[in-house]
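Trainee: Next one to model:
(one chain, ligands or ions: 1)
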Amino acid sequence: MVTFYGKSFASRLLIGSALYPSPAVMQAAIRASGAGIVTVSLRREAAGGKTGDAFWNLIRELDVAVLPNTAGCRSVREAVTTAKLARELFGTSWVKLEVIADNDTLQPDVVGLVEAATILIKDGFEVFPYCTEDLSVANRLVDAGCKVVMPWAAPIGSAKGITNRDALKLLRERLPDITLVVDAGLGAPSHAAQALELGYDAVLLNTAIAKAADPVAMANAFRLGVEAGRTAYEAGLMDARDFASPSTPVVGTPFWHAVS
Ligand SMILES: CC(=O)[C@@H](O)[C@H](O)COP(=O)(O)O
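Mentor: Numbering: from 1, shown residues only. Purely as a prediction, here's the structure:
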């Protein structure tokens, strides 16, 4: 089980609700992923009248926790306003906080992010901040009151996978009590498995499933990848080493210790 702000979930996969070829495929893919948390853009939900209502009904039918996000917000003010609207609309104090700095890379504005998180937490929000893998930024977010921190693997929608493994590893080591989620840029189930193998509590992804040739099958593959990564982490991965060590003994027993 993984816990977010006191609520426990069996699945360690959080999934996005955008870019699917059809509403039916979106529902089937989310179900196949096993995710218990779905992130929803306020802009899409509020996009207008019947479209917004129909989309919201589809999400409701899934019986999952909703994590509204501030996707597309480019300033602290815009993100805070969007979070407040989302709280009204979705009836939750959870918010996935995005403050975007750059149109090409969709890189988070980490200064604005800390500022917006501080404002929202003081107002009673439980914030899931989308950030870079920088330790000092993560520390600032924790100091502001974030119990969850979500560093990127790579830019949103890039499918590159984990580009700075050492920095993500350091975050895990330095923030043992924080729920850490790798969010954005994952392209394959093996990328998700790597995040879980590093000890990350969960992953959040959207594009790699929604844009797959078969999103439902890919959602299932990511579910398995996440389960494999977590199982490996709990099993205790051996450390990599710079020298060879024969795995087949030439003499003696095939076991690592002698049987008396
Ligand atoms: C849905 C959502 O919140 C995205 O902004 C998220 O960051 C996932 O990124 P990918 O689409 O790269 O998986």
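Trainee: Number of residues surrounding the residue of the stretch 1-150 of the chain found nearest the ligand?
Mentor: Closest approach between the stretch 1-150 of the chain and the ligand, counting by CB to the nearest ligand atom: residue 16, at 2.8 Å. All C-beta atoms are positioned from the backbone trio N, CA, C, and that covers glycine. Residue 16 has 27 neighbours, counted by other CB atoms under 10 Å.
Trainee: what's the burial count for the closest residue to it other than its chain neighbours?
Mentor: In space, residue 16 comes closest to residue 206 once its chain neighbours are excluded; the distance is 2.7 Å by CB to CB, 6 or more residues apart in numbering. When counting by other CB under 10 Å, one arrives at 22 neighbours for residue 206.
Trainee: Point to the residue nearest the middle of the chain.
Mentor: residue 204 (2.4 Å; CA atoms, centre = their mean).
Trainee: Report the contact partners of that one.
Mentor: By CB atoms under 8 Å, 6 or more residues apart in numbering, the contact list for residue 204 reads 13-16, 39, 96, 150, 181-184.
Trainee: one more time with 7 Å, if that's ok
Mentor: 14, 39, 150, 181, 183 (CB atoms under 7 Å, 6 or more residues apart in numbering).
Trainee: Next: residue 26.
Mentor: With CB under 7 Å, 6+ apart, residue 26 has these contacts: 17, 20, 58.
Trainee: Quick check: buried residues in the strand or helix carrying residue 117?
Mentor: Secondary-structure element containing residue 117, defined by DSSP states H and E: helix 110-122. Residues of helix 110-122 classed as buried: 110, 112-121 (neighbour count, 16 or more other CB atoms under 10 Å).
Trainee: what does stretch 29-48 give?
Mentor: Quick answer for stretch 29-48 (16+ other CB under 10 Å): 29-45.
Trainee: Can you sort out which of those residues also neighbour the ligand?
Mentor: For the ligand, the contacts drawn from the buried residues of stretch 29-48 by CB under 6 Å from any ligand atom are residue 39.
Trainee: Mind checking which of the buried residues of stretch 29-48 land in strands?
Mentor: 37-41 (DSSP state E).
Trainee: quick one: which of those is nearest residue 220?
Mentor: Lowest distance from residue 220 to those (CB to CB) belongs to residue 38, with 16.3 Å.
Trainee: What is the burial count for whatever residue of the stretch 51-200 of the chain ends up closest to the ligand?
Mentor: Per CB to the nearest ligand atom, residue 184 is where the stretch 51-200 of the chain lies closest to the ligand, at 3.4 Å. A count of neighbours around residue 184, defined by other CB under 10 Å, yields 25.
Trainee: How about the contacts made by it?
Mentor: Residue 184 makes contact with 130, 152-156 under the criterion CB under 7 Å, 6+ apart.
Trainee: follow-up on the earlier one: between the contacts of residue 204, which sits nearest residue 225?
Mentor: residue 14 (13.8 Å).
Trainee: Contacts only, for that closest one.
Mentor: 35, 37, 39, 67, 181, 202, 204.
Trainee: Can you tell me how far the last one is from the ligand?
Mentor: Residue 204 sits 6 Å away from the ligand, taking CB to the nearest ligand atom, to the nearest Å as the criterion.
Trainee: Which residue ranges of the chain form helices?
Mentor: 23-33, 42-45, 49-61, 76-90, 110-122, 135-144, 165-174, 189-197, 207-210, 215-235 (DSSP state H).
Trainee: contact partners of stretch 206-218?
Mentor: 15-16, 18-20, 25, 28-29, 32-33, 157, 159, 186-188, 219, 222.
Trainee: residues from the stretch 1-150 of the chain in reach of the ligand?
Mentor: 16, 18, 39, 69, 71, 96, 130.
Trainee: beta partners of the nearest residue to the fifth one once chain neighbours are set aside?
Mentor: Okay, so that is residue 71. Computed as CB to CB, 6+ apart, the closest residue to residue 71 that is not its neighbour in sequence is residue 41, at 4.7 Å. Note on residue 41: beta-bridge partners by DSSP bridges are residue 69.
Trainee: Can you name the residues bridging to the residue nearest to the centre of the chain?
Mentor: The partner residues for residue 204, given DSSP bridges, come to residue 14, residue 183.
Trainee: All set now, cheers.
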